[in-house]
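>>> Only the shape, not the letters, is given here:
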């Protein structure tokens, strides 16, 4: 398999964690987002959206969108599972992941922040926007798992929720968000970071890290 | 079941279609988004994110995030299926849905547009932003299904992809996007709109429509 990604892309980071948890290896191909390499015609043939990640299987088939890729990996390599068995629990895990993957990350990604700058918004306001998007999402996430014993977001093993949370907390720190308001999320992050699968997927551990 | 929604919310619209396709009924409770009713403490107890939709099952359990709700409905009421059986096809359908639900809709929703206005962005620029977000997402979607025979997004029956597409096209029209560039998407929309389940879920057919 080939994973098209970028060290700092939090959506790529989610897929790197999933591959590590499943014990799968992939060739990592980097596309420098700030240089716009994700919009090169040869990459658009792989992902017409011009975003990372994309995963190519050994037959050359391309899959896009991190959550779709992760659920595919979970379906064809079921161990260890990244979703609970119970439908109601699965729905809660997916909802938590989607608060991040739908309502938080895309509102503060590189493309949206670049568009804000084009509208003449100041650099301080751009950072403020990104911090706001992170606070909105993380506040909801904190409440969604307030009653969960943990130590992971949902139970004693990582799920798709943790795969989304850990990269998003890295983004939040980059935008200066005070994370003290999210003790439950920090506890889940600590549990995750103790696992090699998470540690080795971290942006600073990637060969393309700057 | 109770569906907390709003007639014009495209995420609520997706869940209304799913309920109709499954032949399930739910009590529809409206929360007027422009009046901020989704941020009332009694609703935040149901969905701490302060967004619609939320679905409460007969036991009072609340589920949030439209795609998580729809996959839950599909798991507990498998007929008619809203995802293909083959894992690779499932991943493609989910990726299409996520281009809309992650990268398109949240970038142009009420909350984000309100935030733009707070930054002093002009009304024309706000509309331009929303139209841009729609064009970016729909262009990618058009390419993702260019090779699909249809008539629906993926095959001869609706999937989660169609549940996301039809409401998003309604948004795109509202923001003045020229849809002529997306003939394959329009063909899928036409197939969907011929189904009663889609027609009856339309915003203008809801009791809270203005």
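Looks like it arrived, so ask away. Note that the coordinates shown come from a computational prediction; the quantities given were computed from them, not determined experimentally.

>>> Just the buried residues of stretch A:43-63, please?
For stretch A:43-63, a neighbour-count test (16 or more other C-beta atoms under 10 Å in any protein chain shown) marks A:43, A:46-56, A:62-63 as buried. Every C-beta, even on glycine, is put in place using the N, C-alpha and C of the backbone.

>>> will you turn the residues you listed into JSON lines that also has secondary structure?
As requested, the buried residues of stretch A:43-63 are exported to JSON lines (DSSP: H, G, I helix; E, B strand; the rest coil):
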{"residue": "A:43", "secondary structure": "helix"}
{"residue": "A:46", "secondary structure": "coil"}
{"residue": "A:47", "secondary structure": "coil"}
{"residue": "A:48", "secondary structure": "coil"}
{"residue": "A:49", "secondary structure": "coil"}
{"residue": "A:50", "secondary structure": "coil"}
{"residue": "A:51", "secondary structure": "coil"}
{"residue": "A:52", "secondary structure": "coil"}
{"residue": "A:53", "secondary structure": "coil"}
{"residue": "A:54", "secondary structure": "strand"}
{"residue": "A:55", "secondary structure": "strand"}
{"residue": "A:56", "secondary structure": "strand"}
{"residue": "A:62", "secondary structure": "strand"}
{"residue": "A:63", "secondary structure": "strand"}
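
>>> wait, isn't residue A:104 in contact with residue A:138?
Yes: taking C-beta atoms under 8 Å as the definition, residue A:104 is a contact partner of residue A:138 at 7.4 Å.

>>> Which of those two has more residues huddled nearby?
residue A:104 (26 against 23; other C-beta atoms under 10 Å in any protein chain shown).

>>> ok, how many other residues are close to the residue lying closest to residue A:185 once chain neighbours are set aside?
The shortest distance from residue A:185 to any non-neighbouring residue, by C-beta to C-beta, 6 or more residues apart in numbering or on different chains, is to residue A:142 (5.5 Å). Residues near residue A:142, counting by other C-beta under 10 Å, number 18.

>>> show me the residues around residue A:142 that make contact.
A:181, A:182, A:183, A:184, A:185 (C-beta atoms under 8 Å, 6 or more residues apart in numbering or on different chains).

>>> I'd like to know which of these is nearest to residue B:27.
residue A:184 (32.1 Å; C-beta to C-beta).

>>> separation between the closest one and chain B?
Counting by C-beta to the nearest C-beta, to the nearest Å, the gap from residue A:184 to chain B is 12 Å.

>>> how close does that residue get to residue A:150?
Distance, residue A:184 to residue A:150, by C-beta to C-beta, to the nearest Å: 7 Å.

>>> between the two, which one's more packed in?
residue A:184 (18 against 14).

>>> Can you tell me the SS state at the more buried one?
helix.

>>> now swap in residue A:3 and tell me
strand.

>>> Verify the stated contact: it with residue A:25.
No: if you go by C-beta under 8 Å, residue A:3 and residue A:25 don't touch, sitting 9.7 Å apart.

>>> which residues are in contact with both of those two?
What both residue A:3 and residue A:25 touch, as defined by C-beta under 8 Å, 6+ apart, is the set residue A:19.

>>> which of these two has more neighbours?
residue A:3 (21 against 10).

>>> ok, so what distance separates the more buried one from residue B:34?
Applying C-beta to C-beta, the value for residue A:3 to residue B:34 is 42 Å.

>>> One more: residue A:37?
41 Å.

>>> neighbour-wise, which of those two wins?
Applying other C-beta under 10 Å to residue A:37 and residue B:34 shows that residue A:37 carries more neighbours, namely 16 against 10.

>>> residues touching that one, list them.
A:31, A:43.

>>> same deal with residue A:94?
For residue A:94, the contact set (C-beta under 8 Å, 6+ apart) comprises A:83, A:160, B:65, B:67, B:68, B:71, B:72.

>>> do the same with residue A:17
A:158, A:162, A:163, A:166, A:167, A:197, A:198, A:201.

>>> now, which of the contacts of residue A:142 sits nearest residue B:98?
Distances from residue B:98 to the contacts of residue A:142, taken as C-beta to C-beta, are shortest for residue A:185 (22.7 Å).

>>> tell me, how many neighbours does that closest one end up with?
Residue A:185 has 22 neighbouring residues, counting by other C-beta under 10 Å.

>>> pretty sure it contacts residue A:172?
No: at 9.4 Å, residue A:185 does not count as touching residue A:172 under the criterion of C-beta under 8 Å.

>>> Next, count neighbours for residue A:106.
The tally of other residues near residue A:106 (other C-beta under 10 Å) stands at 25.

>>> Could you do residue A:193 as well?
12.

>>> do residue A:181 as well
Per other C-beta under 10 Å, the neighbour tally for residue A:181 reads 12.

>>> For it, give me its contacts.
Per C-beta under 8 Å, 6+ apart, neighbours of residue A:181: A:138, A:139, A:142.

>>> just those now: which is nearest residue A:206?
Residue A:206 has its nearest neighbour among those in residue A:138, at 23.9 Å by C-beta to C-beta.

>>> Find the helix or strand that the closest one is a member of.
helix A:123-144 (DSSP states H and E).

>>> Okay, buried residues for the helix or strand following that helix please.
Next in sequence after helix A:123-144, counting helices and strands by DSSP H and E, comes helix A:160-174. Neighbour counts over helix A:160-174 (16+ other C-beta under 10 Å) mark A:160-172, A:174 as buried.

>>> among these, which are within reach of chain B?
Contacts with chain B are made by none of the buried residues of helix A:160-174, judged by C-beta under 8 Å from any C-beta of the partner chain.

>>> Including pLDDT and distance to residue B:192, could those go into CSV?
Shown next, in CSV, are these (pLDDT from 0 to 100; distance: C-beta to C-beta, whole Å):
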residue, pLDDT, distance to residue B:192
A:160, 98, 28
A:161, 98, 31
A:162, 98, 35
A:163, 98, 32
A:164, 98, 30
A:165, 98, 35
A:166, 98, 37
A:167, 98, 34
A:168, 98, 33
A:169, 98, 39
A:170, 97, 39
A:171, 97, 36
A:172, 98, 38
A:174, 96, 41
